[in-house]
Structure formats: C-alpha cells, structure tokens
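>>> Give me the fold of what follows.
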Amino acid sequence: MVDQPEVIDDFIYKHPVVAIASRYPIVGIKAVEPNIELAQTLGLSDDFSFSRKVLRATVDVPHIGSCDCYVVHFKSKRPMIEIDEQDDSRSAEQTIIESLKADVAGRWGSTLRRGSEAALLMIAMIERREATGNPMVLMGDFNNTLADGVLSHLLINSLRFASPIDCDAYLAKYCLNDAWGLFQHVLTNEDSEINGTSVINDHNEVDETAIEINRKENVERTPTHYYGGSGSVLDYILLSCEFDASYQDSLFQVSAYNTYNRHLINPIFERDGECTDHGVVLVTLTLRD
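From the prediction side, this is the model:
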C-alpha cells in the first residue's frame, strides 16, 4: 500500500485505500503523483490530487522482467455537492429544487474529477513507459464504463495527423488494451496461431472443454456492479502490447477472462457478509509459443 485508511473507531475505517499482492517479487513501489503543471493547463487547481492515491508496483514477472502494475480507485459517481435537507427555512418544493441543482452540478463535478484522474494517470504511465520500457498493467475500480467517453482516452490507439505506419510502429507501445477485448480476439480468431490455447489446465495442456465453456459463457460480458435492477462493468484490467496476441512482439496472451460474482448473485451472510459489493475480474495470462 502507499496510503493508510482513516480509523474512525476500533475496527471501523473510512477513506479506503488500494493495495496489491503478488506471488512474484515486488521490486519497487510508489504513489503516482499527477503533473501539477499539466493539471493547471487543464483548468484544475494547483493542489489537484487523486481522490485515492494511485499505487504503482513494479513486479519481477517471469519471462518478461520488470512490469509496472497500477492499482486505481477512481472518483465515484456520488455527487460532490450535498445540501442540508433538514433545513426548515425552505419549503418542500424549494428543498427538491436545491437537491436537484446540487445533484446535477455534483454529478458533473465527480465526472470531471474522474476523467481528469484518468487523463493525468495516463500521462504519468506514458512518461514512465518512455523512461523504462516496462510492460504496463492498469487495474481497479474505474467507477465508470470505458465506453461512455469519460474514460475512453485510456484506450486511445490513434492520433490525428499521424500516419498509419508511424502509429503501428510507435503508438502501440504506449497504448492500453482492455483484457476482455484481447480475450475475445483469442476466442474468435480461428486462423491465428494462438487458436485453441484459450485455457490451460493444471498439467500445462490445452483444456478443450474449458475452451468451449469460455466461448459460451463469455459471449456477453458479466457486470461487476449492480444498482437496482441493472448491472454495469466498472472494474477493468488494461494491458500493454506485451499481452496482446495480435501484436507481433507480444510475449503473453489473455487465455482466460472471468468475473467472480457469487457473493453478488447468491450471497450467504456467513460467507459473504464482509465481501466487496463489486465483482472481481480475473485474467489468466499464458506465455505464447
């Protein structure tokens, strides 16, 4: 960890922090700091900081060496502005109006904060990649879908005015890929040399049965969070080109993608009473032949 939660009383905490655990050696750890000069250019305050400190752990991974793993918990969608609904000086209608205005402005404020956090983190990751060349993994609770535009710059893979040749040669090195998309590529590319290696069993052999199960179960992406009667994907694992099977020089491929959500779908209090309210994204990376 690079931060500590605040203790309210005995075992009760607030301001949760992010953490990482690894079976492989963690050879470096750091809290990522935003570029304040750039933040000011974007119109943000000169004391801008991530709502939760972003953790960067450099892990010594077999076959690939030092890999930079980033763990995030971006700003939630909870409105940043609240009013005192118990204020007796306002009528019931005035209270509703003030609550509506606070909700509109507060939600947009949270959206701006979340998008700014993602952009400044991406800049820091690009600078780190340029300096070290380390592969990158970004994972955590994004509190947003990647498709609605607020966080879409995390998956940018093209540049205006840059030729396709330059993009293919240089840009891919600094881009991130959604692990779900990489896994779907492995499943659907029948003519690729990686076809048929979607799942590896305990004996390091291809498990054909597991492949078919993955094909059927992963047609639709499993939500990682439920609110009311609807579900959405808010938790992601993003990977650099070293884990993209379509990239010529990649070393690994995404051989399995699952979302552990038993505690959400069929909770048992004795077992799940203290579980997270999000599904847990699980990705298996297999060394390519």
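>>> Which of the helices or strands spans the residue of the chain positioned farthest from its centre?
No residue in the chain sits farther from the centre than residue 89, which is 44.0 Å out by C-alpha atoms, centre = their mean. For residue 89, there is no host helix or strand (DSSP states H and E).
>>> ok, now residue 117?
Using DSSP H and E, residue 117 maps to helix 92-132.
>>> That helix: how far from the chain's middle?
When distances are taken as C-alpha atoms, centre = their mean, to the nearest Å, helix 92-132 is centred 16 Å away from the chain's centroid.
>>> I'd like the mean pLDDT over that helix, please.
For helix 92-132, mean pLDDT is 91.
>>> same check, this time on stretch 20-29
For stretch 20-29, mean pLDDT rounds to 97.
>>> Same question for stretch 273-288.
Averaging pLDDT residue by residue across stretch 273-288 gives 92.
>>> Stretch 32-49 too?
Mean predicted confidence for stretch 32-49 is 94.
>>> how long is it end to end?
From its first residue to its last, stretch 32-49 covers 10 Å (C-alpha to C-alpha, to the nearest Å).
>>> Begin at 22, not 1, for the rest of this chat.
Renumbered: residue one is now 22, and that last one reads stretch 53-70.
>>> what sits up against it?
By C-beta atoms under 8 Å, 6 or more residues apart in numbering, the list of residues contacting stretch 53-70 from outside reads 71, 74-77, 91, 137-138, 140-142, 144-145. Just so you know, the C-beta spots here come from the backbone N, C-alpha and C atoms, and that holds for glycine as well.
>>> quick one: what helix or strand has residue 91 in it?
Here residue 91 is assigned to strand 86-94, by DSSP H and E.
>>> Check what contacts that strand and list those residues.
Contacts for strand 86-94 (C-beta under 8 Å, 6+ apart): 37, 39-41, 43, 48-49, 53, 71-73, 75-82, 138, 142, 146, 149-150, 153, 155-164.
>>> Just the buried ones among the contacts of stretch 53-70, please.
71, 74-77, 91, 137-138, 140-142, 145 (16 or more other C-beta atoms under 10 Å).
>>> closest to residue 199 among these?
residue 91 (14.7 Å; C-beta to C-beta).
>>> For residue 161, see how far away the closest one is.
8 Å (C-beta to C-beta, to the nearest Å).
>>> coming back round to it: next, the angle from the strand holding residue 91 to helix 113-153.
With axes from the mean of the first three to the mean of the last three C-alpha atoms, to 10 degrees as the basis, strand 86-94 and helix 113-153 are set at 170 degrees to each other.
>>> all helices for the stretch 122-271 of the chain, in order.
Using DSSP state H, counting those that start in this stretch, the helices of the stretch 122-271 of the chain run over 185-191, 200-209, 229-238.
>>> picking that back up, mind putting the contacts of stretch 53-70 into JSON lines with distance to residue 201?
Shown next, in JSON lines, are these (distance: C-beta to C-beta, whole Å):
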{"residue": "71", "distance to residue 201": "25"}
{"residue": "74", "distance to residue 201": "26"}
{"residue": "75", "distance to residue 201": "22"}
{"residue": "76", "distance to residue 201": "23"}
{"residue": "77", "distance to residue 201": "23"}
{"residue": "91", "distance to residue 201": "18"}
{"residue": "137", "distance to residue 201": "25"}
{"residue": "138", "distance to residue 201": "22"}
{"residue": "140", "distance to residue 201": "22"}
{"residue": "141", "distance to residue 201": "24"}
{"residue": "142", "distance to residue 201": "20"}
{"residue": "144", "distance to residue 201": "24"}
{"residue": "145", "distance to residue 201": "24"}
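>>> and of those, the nearest to residue 190?
residue 144 (21.4 Å).
>>> Return the distance of that closest one relative to residue 56.
6 Å.
>>> One more: residue 171?
Distance from residue 171 to residue 56, by C-beta to C-beta: 20 Å.
>>> cool, and residue 129?
Using C-beta to C-beta, residue 129 is found at 23 Å from residue 56.
>>> Please list all residues in contact with residue 101.
So residue 101 contacts 127, 130-131, 134 (C-beta under 8 Å, 6+ apart).
>>> what does residue 282 give?
When contacts are counted by C-beta under 8 Å, 6+ apart, residue 282 touches 243-245, 300-301.
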